[in-house]
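Colleague: the amino acid sequence is not available; the structure is as follows:
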């Protein structure tokens, strides 16, 4: 029979395993009109195969995205028009980076790494909005993990096998 402490350890270990099974964002909250540092945590490869490319779709409302260089990896950026014009520090923002891809590296299945970009959350995005950041993880031998599932109404990320990482837009603290 398991003792209470052993049961707690098993529960924590199982929860940690589930949490590490996906690409996730380190920071779970951001404020409208402020910079957000997106740290994508990649905890494993694709069914035992090494990761060789990470592609991130930059969602509407994340403006002026800039990837952080990563030694051993090449960065490709795709620009596109925004669905609408946003106010970015008093100037209209009509287009920007819509996709960032890091490639050329080799992240073994038994290693962990982080891929980072910075963007400004549009001040037009209301608090209590959840922003999903779809990621495609490409691995050797053509293996792919698509962390792109966005929950339907009444569902949560826990209901999906390959949920997109997300963060919540929160109100600015009052001074």
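Modeller: Arrived safely, thanks for sending. Computed from a prediction, not measured in an experiment: that's the story for all the values here. Numbering: from 1, shown residues only.
Colleague: can we go C-alpha only for contacts and neighbour counts from here?
Modeller: Fine.
Colleague: now name the helix or strand holding residue 40.
Modeller: strand 35-42 (DSSP states H and E).
Colleague: now residue 140, what are its backbone angles?
Modeller: When read as degrees, to the nearest 10, the backbone of residue 140 gives phi -60, psi 160.
Colleague: what residues are up against it?
Modeller: By C-alpha atoms under 8 Å, 6 or more residues apart in numbering, the contact set of residue 140 is 49, 50, 51, 52.
Colleague: which ones are touching the residue lying closest to residue 30 once chain neighbours are set aside?
Modeller: Counting by C-alpha to C-alpha, 6 or more residues apart in numbering, residue 30 lies nearest to residue 169, which is 5.0 Å off, once chain neighbours are set aside. By C-alpha under 8 Å, 6+ apart, the contact list for residue 169 reads 29, 30, 31, 32, 125, 126, 127, 128, 129, 130, 131.
Colleague: selecting buried members of these in PyMOL, what would you type?
Modeller: Per 16 or more other C-alpha atoms under 10 Å, the buried members of the contacts of residue 169 correspond to this PyMOL selection:
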select buried, resi 29+30+31+32+125+130+131
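Colleague: narrow the contacts of residue 169 to those in helices?
Modeller: Nothing among these maps onto helices, per DSSP state H.
Colleague: hang on, the earlier thing: contacting residues around the strand holding residue 40?
Modeller: 22-27, 30, 112-121.
Colleague: adjacent strands (with direction) for that strand?
Modeller: strand 24-25 (antiparallel), strand 113-121 (antiparallel) (DSSP bridges).
Colleague: quick one: closest of the ones you listed to residue 73.
Modeller: strand 113-121 (10.2 Å; C-alpha to C-alpha).
Colleague: could I get the buried residue list for the closest one?
Modeller: 115, 116, 117, 118, 119, 120, 121.
Colleague: for the residue nearest to residue 87 when sequence neighbours are not counted, grab the count of nearby residues.
Modeller: Of all residues not flanking residue 87 in the chain, residue 93 sits nearest, at 6.0 Å (C-alpha to C-alpha, 6+ apart). By the criterion of other C-alpha atoms under 10 Å, residue 93 has 17 neighbours.
Colleague: with residue 173 instead?
Modeller: 6.
Colleague: residue 47 now?
Modeller: 11.
Colleague: I'd like the numbering to begin with 28 instead of 1 from here.
Modeller: New numbering, starting at 28: the last item is residue 74.
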